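A.B. asks: What shape does this take:
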Amino acid sequence: MKQSLIAEITTLLSNAPIVKNLARKKFLALFVIALAQSRKVQFCSVAQHFNDQAKTGSNEVRIQDFFRQVDINYAAVAALLLSLLPVKKRCGSA
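C.D. replies: Sure thing, here's the model as predicted:
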């Protein structure tokens, strides 16, 4: 289940130039899933849900390093989020 969700998010990120290489896209997929599971945005809370086979401290350092080192295309993030919103049709327009 988790692997298929990671694959779907990675595919979605392949269409949006948020980060450049595949490893970083997979990291973002894991991070999004961990955010949803933790329901918090603090790195220490997200790290607990990030990678079950690594220590929480290692996960937290990995998250910190990612955001410290990677240039994120925030315009692409905004475009991706807008593309995920449902299209609402106006009532009464022809």
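
A.B. asks: Would you mind finding the longest helix in the protein?
C.D. replies: helix 22-38 (DSSP state H).

A.B. asks: Buried ones in the helix or strand containing I63, by neighbour count?
C.D. replies: Take DSSP states H and E as the rule and I63 turns out to sit in helix 56-69. Burial within helix 56-69, assessed by neighbour count using 16 or more other CB atoms under 10 Å, is assigned to N59, E60, R62, I63, F66. From N, CA and C alone the C-beta is placed, and that goes for glycine too.

A.B. asks: List every C-alpha atom in stretch 84-94, with coordinates, as CSV.
C.D. replies: Output of stretch 84-94 as CSV, limited to C-alpha atoms (Å, rounded to 0.1, in the frame of the first residue of the first chain):
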residue,chain,number,x,y,z
LEU,A,84,-5.1,19.1,-7.9
LEU,A,85,-8.1,21.3,-6.9
PRO,A,86,-11.5,20.4,-8.4
VAL,A,87,-12.8,22.6,-11.1
LYS,A,88,-15.9,24.3,-10.0
LYS,A,89,-18.4,25.3,-12.6
ARG,A,90,-20.4,28.4,-12.2
CYS,A,91,-24.1,28.0,-11.7
GLY,A,92,-26.3,29.4,-14.4
SER,A,93,-23.5,30.1,-16.9
ALA,A,94,-23.9,28.7,-20.4
